[in-house]
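> Need a 3D model of the sequence below.
(one chain, ligands or ions: 2)
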Amino acid sequence: MTPPLRHLVLVLGDQLNQDASALTDFDAEQDAIWMAEVDEESTHVKSAKQRSTLFLSAMRHFAADLRQKNWRVMYSAIDASDNVGTLAGELDKAITANRPAKLIMTAPGDWRVLQSLRAVASQHDLLLEIRDDTHFFSTVRDFTQHANGRKQLRLEFFYRELRHKTGILMEGDKPIGGQWNFDADNRGSFGKQGPGALPAPTRFAPDAITQEVIRLVQQRFAHHPGSVDSFGWPVTREQALETLHAFILHRLPSFGLYQDAMWEGEVWLYHSHLSCALNLKLLNPREVLNAAVEALNKGHAPIEAVEGFVRQILGWREYVRGIYWMNMPGYVDLNTSNAHAPLPSFYWTGETDMACLRDAIGQTLTHGYAHHIQRLMVTGLYALLLGVSPKEVHAWYLAVYVDAVEWVELPNTLGMSQFADGGLMASKPYVASGKYIDRMSNHCKGCRFNPAESIGETACPFTTLYWDYLNKHSDSLAKNPRMLMQLKNLNRLSNDTKSLIAAQARQLQS
Ligand SMILES: Cc1cc2nc3c(=O)[nH]c(=O)nc-3n(C[C@H](O)[C@H](O)[C@H](O)COP(=O)(O)OP(=O)(O)OC[C@H]3O[C@@H](n4cnc5c(N)ncnc54)[C@H](O)[C@@H]3O)c2cc1C
Ligand code: SF4
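Numbering: from 1, shown residues only. Ligands and ions are numbered 1, 2, ... in the order given. Predicted structure coming up:
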């Protein structure tokens, strides 16, 4: 007879590390692990094929590793005939069949998932112990404490607090390099000559497990966005470590300078491509930053690059998580600009004349990846200027990127990119005309539109919509000192020009 189960440890698809807090006291004699693949996680938004493949393959690899250790794993396969399709339903079955004395899990990344698992535990009158996620530098409590009593939240202050707390890039009380932030050195473009020879990305040929998952995803989610033909993401910890080391060696030195640059057809540039490995917890952010700081200490990478990279992970990644948990569940419904337009259908196909959008959406559908500036200043900017409903924009970002998990995707989309939280997360709306894209890329050279024009046949839609956005929102934007320069430029336009722009913007919005 199987002995009674002490703990059933719940491991979600984005908690794939054996050093997870839920597993610290795992006892193979008395405990079991529960993992479930369910349709709901691929269908609550229409998860792109690359994204579903990544999660399912990484989960299967992780479960195989645990079984190798002779740990008992209760695993629901998505295509099992008795799979009920939801996490709650599968957990309910596992509890009924195994009668554990207690449930343990690491804090999940999704508010929705937390609520549904809590509800199952309470239906069974079972204690669900939720442990801090140690794959972050701060806890949600730290963030709440930081936020208490502040009129305004800003990344910079939380980031500095974490630099002090962790000692990362610090010399005693002072930042290494004499300044906290090397942002101004991190806005280079590739110039007319382009990026030249770029380091090859670290990609992995699908093994038997991944090939099986690809077949399954192609059948089960045939109508979901994107293609999975090019799948090469890390699905194991070993592969994630290889990606990290290759980044430190080949890309980190130029990461800072070219962080914001774009180039037609160049998907990978000098970025790390580590977000999915970090978000699935195949990597711990501490080991990632230790490796970057070591590169600085050895003289392999300059401070501008290393600080720029540290700021993304110790700063933005921790900050957005705090914003998410402090403001959910209401955050997802915020729409302070009252934007209700539908998302243009070309976001799902990439079929548009606008070269920058075609490139960013095309690579997103092919690889499940676009770098930050493509997300913020191309796809995000266009949706903001067009007045798309933030919820629709959110559903798109959550569906199409391999690194998309709600705690990180939602504040980035709704707060930073769409300014739909009215400035809770970002100090100003990130708005610019087509000229910004022209400065940071070569897209405009091959586009039928002209970024300098706002009216007429060849006017760049970004430029038209930019002026129209400033004009429409000028009263509320005037209260923000960071927008004054942009409004000053708007005021240089004559009223006739503004009317023509407004008419052209209405055509784009119709
Ligand atoms: C509209 C929008 C949606 C986004 N959705 C997601 C998402 O679903 N998942 C996600 O991980 N990131 C998201 N980001 C943040 C950022 O774009 C990605 O983390 C980054 O592009 C991933 O590529 P990379 O690993 O090559 O990053 P790099 O440019 O190499 O940066 C290094 C690491 O820093 C972290 N990072 C960088 N910027 C941010 C940020 N703004 N917030 C949180 N972490 C950051 C990531 O872990 C990333 O791997 C979004 C940004 C925007 C503007
Ligand atoms: S002209 Fe406008 S639409 Fe065309 S690539 Fe440049 S910014 Fe994009």
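> Ignoring the adjacent residues along the chain, who's closest to F247?
Take F247 and drop its neighbours on the chain: the residue closest to it by C-beta to C-beta, 6 or more residues apart in numbering is S272, 4.4 Å away. Where C-beta positions appear, they are placed from N, C-alpha and C, glycine not excepted.
> three-state assignment of the one you found?
With DSSP: H, G, I helix; E, B strand; the rest coil as the basis, S272 sits in coil.
> measure S499 to ligand 2 for me?
Distance of S499 to ligand 2, given as C-beta to the nearest ligand atom, to the nearest Å: 22 Å.
> What residues of the host helix or strand of that residue count as buried?
Assessed by DSSP states H and E, S499 sits inside helix 495-509. By 16 or more other C-beta atoms under 10 Å, the buried positions in helix 495-509 come out as 498, 500-501, 504-505, 508.
> from those residues, which is closest to ligand 2?
L508 (11.1 Å; C-beta to the nearest ligand atom).
> Run through the residues that contact the closest residue to that closest one other than its chain neighbours.
Nearest non-adjacent residue to L508, counting by C-beta to C-beta, 6+ apart: P461, 5.4 Å away. P461 is in contact with 354, 382, 434, 449, 508, counting by C-beta atoms under 8 Å, 6 or more residues apart in numbering.
> so of these, which ones are in helices?
The members of the contacts of P461 that map onto helices under DSSP state H are 382, 434, 508.
> Take the residues you listed and lay them out in TSV including pLDDT.
Formatted as TSV, those follow (pLDDT from 0 to 100):
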residue	pLDDT
Y382	98
G434	98
L508	97
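> filter those down to the ones close to ligand 2.
Filtering the ones in helices among the contacts of P461 for proximity to ligand 2 by C-beta under 6 Å from any ligand atom leaves G434.
> Would you mind giving the ones in helices among the contacts of P461 as a markdown table with distance to E40 added?
Shown next, in a markdown table, are these (distance: C-beta to C-beta, whole Å):
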| residue | distance to E40 |
| --- | --- |
| Y382 | 30 |
| G434 | 40 |
| L508 | 36 |
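> In contact with whichever residue of the stretch 1-150 of the chain sits closest to ligand 1, which residues are there?
Here the residue of the stretch 1-150 of the chain nearest ligand 1 is R51; by C-beta to the nearest ligand atom that distance is 9.6 Å. Residues counted as contacts of R51 (C-beta under 8 Å, 6+ apart) are 368, 399-402, 404.
> Surely it is in a helix?
Yes: assessed by three-state DSSP, R51 belongs to a helix.
> Quick check: the gap between the residue nearest to L508 and ligand 2.
P461 is 6 Å from ligand 2, by C-beta to the nearest ligand atom.
> and if you look at E264?
Taking C-beta to the nearest ligand atom, one finds E264 at 9 Å from ligand 2.
> how near is that residue to A459?
21 Å (C-beta to C-beta, to the nearest Å).
> Now do whatever helix or strand K165 lives in: everything it contacts.
Taking DSSP H and E as the definition, one finds K165 inside helix 155-166. Helix 155-166 is contacted from outside by 137-138, 143, 146, 150, 168-170, 173, 175, 180-181, 311, 314-316, 318-319, 322, using C-beta under 8 Å, 6+ apart.
> can you check stretch 90-107 too?
4-12, 15, 20-22, 32, 34, 36, 38, 74, 76, 82-84, 114, 117, 120-121, 123-124, 126-134, 140.
> filter these to the buried ones?
The buried subset of the contacts of stretch 90-107 (16+ other C-beta under 10 Å) comprises 5-12, 15, 20-22, 32, 34, 36, 38, 74, 76, 83-84, 114, 117, 120-121, 128, 130, 133-134, 140.
> taking those residues one by one, which sit in helices?
Per DSSP H, the buried ones among the contacts of stretch 90-107 map to helices at 114, 117, 120-121, 140.
> what are the ranges of the strands in the stretch 151-300 of the chain?
Remark: strands assigned in the stretch 151-300 of the chain by DSSP state E, counting those that start in this stretch are 170-171, 174-175.
> Using the three-state scheme, assign L384.
L384 is classified as helix under three-state DSSP.
> Next, the contact list for the closest residue to it other than its chain neighbours, please.
Leaving aside its chain neighbours, L384 sits nearest to Q418 (5.2 Å; criterion: C-beta to C-beta, 6+ apart). Applying C-beta under 8 Å, 6+ apart, we find Q418 in contact with 337, 339, 380, 383-384, 388, 390, 393.
> and Q418, backbone torsions?
Main-chain dihedrals, Q418, degrees, to the nearest 10: phi -100, psi -10.
> same question, L103
Here L103 shows phi and psi, under degrees, to the nearest 10, equal to phi -110, psi 140.
> Okay, and the beta partners of it?
Following DSSP bridges, L103 is listed with bridge partners L8, L128.
> need the residues of the stretch 401-510 of the chain near ligand 2, please.
Counting by C-beta under 6 Å from any ligand atom, the stretch 401-510 of the chain sits next to ligand 2 at 434, 437-438, 443-444, 447, 449, 451, 460-462.
> now the residues you listed as CSV including secondary structure and distance to G350?
Listed next are these as CSV, based on DSSP: H, G, I helix; E, B strand; the rest coil; distance: C-beta to C-beta, whole Å:
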residue, secondary structure, distance to G350
G434, helix, 18
I437, helix, 16
D438, helix, 20
H443, helix, 13
C444, helix, 18
C447, coil, 14
F449, coil, 16
P451, coil, 20
C460, coil, 18
P461, helix, 16
F462, helix, 17
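> okay, now the residue lying closest to Y401 once chain neighbours are set aside: neighbour count?
For Y401, ignoring the flanking residues on the chain, the nearest one in space by C-beta to C-beta, 6+ apart is G368 at 5.7 Å. As a burial measure, G368 scores 29 neighbours (other C-beta atoms under 10 Å).
> Many thanks, I have nothing further to ask.
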